[in-house]
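Q: I'd like to go over a predicted model; first the sequence, then the structure.
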Amino acid sequence: MARELIEWDQGLGGRGLPEPPPEPKRVAQERPQERRQEPHAPVAAPPKGDETARLTVLAESAASCTECGLHTGRNRSVFARGSHTADIVFVGEGPGYHEDQEGSPFVGKAGQLLDKMIAAMGEGAGEVYICNVVKCRPPDNRTPTADEAGACKPFLAGQLEIVAPRVIVALGRCAAEHLGCLDEDARGWRGRWSTYEGIPVMPTYHPAFLLRSPNMKRPVWEDLQEVLRRLGKEPPRRGRSG
Ligand code: SF4
């Protein structure tokens, strides 16, 4: 089992596990740039049903990852919170100060608003899965560069493959872009269904943006209602996003 987990992790990007892999020369011969070009390449996954172990291996790999420059400024890597059996995965941009300190995503004011939005949907905090495009905090909370997001993509791809949600909610333009939701020919990007690896994706505004622009809560609530309908659920009539 341990060997399978290591091989699977290497297939997702080979970020370095807590214990040295049994065939270190094979890892050294792989060029990182080649791995980044094939983030969705078939991998030797551990047996289905062991999702907790698979996510743990991935999180440990992210904690020791040095694939992009963001590792130099991190206090802690920030992998995810929530349930691996969730129907909905929320994907944000990257950790901020509080997330970097605590090692958990969306724990600051934006996270509190996100939790209110989730509660308004009638979902429990433990019934969703929350993660980010990049697992390490960008300096000054800037948007991750394309290279940083690309380097981190195997982690996000692995999370979405393991959790296999019924719907993904992309929080903010960065997440929408890296989940393939942006259509350059279309005006606007929010509120338009897209797909990622066959999973429906609803892009909407990031909670941090809503803190600055509370008048945008209504369209976000409409997007979340669409998510509930996609899941076959009747949206709460008087739901509010915080
Ligand atoms: S942001 Fe992602 S790719 Fe960059 S060092 Fe952190 S875990 Fe690795």
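A: Noted; the coordinates are in hand.

Q: so which strand or helix has residue 200?
A: Here residue 200 sits within strand 199-204, counting by DSSP states H and E.

Q: contact partners of that strand?
A: Residues from elsewhere that reach strand 199-204, judged by CB atoms under 8 Å, 6 or more residues apart in numbering: 160, 164-171, 173, 175-176, 179-181, 189-195, 219-220, 223-224, 226-227, 230. All C-beta spots, glycine's among them, are computed from the backbone N, C-alpha and C.

Q: buried only: go through those for me.
A: 160, 164-165, 167-171, 173, 175-176, 179, 181, 189-190, 192, 194, 220, 223-224, 226-227 (16 or more other CB atoms under 10 Å).

Q: can you tell me which of those are in helices?
A: Those of these mapping onto helices are 160, 173, 175-176, 220, 223-224, 226-227, per DSSP state H.

Q: which ones are touching residue 164?
A: residue 199.

Q: can you get me a residue count around residue 126?
A: The tally of other residues near residue 126 (other CB atoms under 10 Å) stands at 11.

Q: any residue of stretch 80-89 touching the ligand?
A: No: for stretch 80-89, no contact with the ligand is found by CB under 6 Å from any ligand atom; the gap never falls below 12.2 Å.

Q: tell me the mean pLDDT for that stretch?
A: For stretch 80-89, mean pLDDT is 96.

Q: please apply the same query to stretch 118-127.
A: Per-residue pLDDT values across stretch 118-127 average out to 88.

Q: just the terminal-to-terminal distance for that stretch.
A: From its first residue to its last, stretch 118-127 covers 9 Å (CA to CA, to the nearest Å).

Q: quick check: buried residues in it?
A: 118-121, 123.

Q: ditto for stretch 190-210
A: When burial is assessed from 16+ other CB under 10 Å, stretch 190-210 yields the following buried residues: 190, 192, 194, 196, 199-210.

Q: next to the ligand, which bits of the chain? Give me the list.
A: 62, 65-68, 70-71, 77, 134-136, 148, 151-152, 155.

Q: tell me which helix or strand residue 62 sits in.
A: Per DSSP H and E, residue 62 falls inside helix 51-63.

Q: tell me what the following helix or strand past that helix is packed against?
A: Heading C-terminal from helix 51-63, the first helix or strand you meet, by DSSP H and E, is strand 80-82. Applying 3 or more CB pairs under 8 Å, 6 or more residues apart in numbering; DSSP states H and E, we find strand 80-82 packed against strand 128-132.

Q: which outside residues touch the strand it packs on?
A: Counting by CB under 8 Å, 6+ apart, 78-84, 86-95, 105-106, 114, 118, 156, 159, 163, 165, 175 sit against strand 128-132.

Q: could you look up the SS state of the residue nearest to residue 68 when sequence neighbours are not counted?
A: Nearest non-adjacent residue to residue 68, counting by CB to CB, 6 or more residues apart in numbering: residue 151, 4.0 Å away. Assigned with DSSP: H, G, I helix; E, B strand; the rest coil, residue 151 falls in the helix class.
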